[in-house]
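Student: missing the sequence, but the structure's below:
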């Protein structure tokens with residue numbers, strides 16, 4: 001497709017799966033992505049007309065032991081599967097079925113957005129309390 005573009009063409013650009021860095025006073029958004037030249041992480045500034053949609057909170061992906069809440073307020077717990085290779089989630093609400101163990105991405109797509117409620121700090125064994133999507137305390 002790039003070979004058919006010419007300078008001045010009006011285009012839409014979609015960049016999926018990048019981390020938000022900051023937004024300046026002019027509405028420009030800065031993202032964190034891999035530089036195409038050296039493969040290192042870099043900040044990239046997007047113009048104010050760039051459409052930005054939150055896909056998951058900064059604490060994503062869930063870790064075993066996490067407690068999350070979905071858009072309905074229902075709690076979900078993250079845990080390792082039998083072979084400890086993949087993380088799954090189980091609902092605390094028995095109405096949803098305690099044997100239902102979807103992946104975090106499946107939960108996010110069906111009942112997201114999700115908000116981290118509790119995470120055990122792996123370093124010190126001290127619990128952290130999550131923040132909502134805007135960075136506010138929960």
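Tutor: Looks like it arrived, so ask away. Please read all numbers here as calculations on a predicted model, not as lab measurements.
Student: use CA for all of it now, contacts and neighbours both
Tutor: OK.
Student: could you point out where the chain is predicted with low confidence?
Tutor: For the chain, the stretches with pLDDT under 70 are 1-3, 94, 96-99, 122-138.
Student: Now with 90, please.
Tutor: Scanning the chain for pLDDT under 90 picks out the ranges 1-20, 23-58, 82-85, 92-101, 120-138.
Student: Show me how the record splits it into domains.
Tutor: Domain segmentation of the chain under automatic domain parsing yields 2-46, 67-129.
Student: which residues touch the most centrally placed residue in the chain?
Tutor: Centroid-nearest residue in the chain: residue 56, 2.4 Å away (criterion: Cα atoms, centre = their mean). Each residue near residue 56 by Cα atoms under 8 Å, 6 or more residues apart in numbering is listed here: 108, 113-114.
Student: who wins for most neighbours among the residues you listed?
Tutor: Neighbour counts for the contacts of residue 56 (other Cα atoms under 10 Å) peak at residue 114, which has 26 neighbours.
Student: So it is in contact with residue 57, correct?
Tutor: Yes. When contacts are counted by Cα atoms under 8 Å, residue 114 is listed as touching residue 57 (7.5 Å).
Student: just to revisit the earlier point, which of the domains of the chain has the highest mean neighbour count?
Tutor: Of the domains of the chain, the one with the most neighbours on average (mean count of other Cα atoms under 10 Å) is domain 67-129, at a mean of 15.
Student: okay if I get the contacts of residue 56 as JSON lines plus distance to residue 31 and secondary structure?
Tutor: Compiled in JSON lines, those are given as follows (distance: Cα to Cα, whole Å; DSSP: H, G, I helix; E, B strand; the rest coil):
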{"residue": "108", "distance to residue 31": "22", "secondary structure": "helix"}
{"residue": "113", "distance to residue 31": "20", "secondary structure": "coil"}
{"residue": "114", "distance to residue 31": "21", "secondary structure": "coil"}
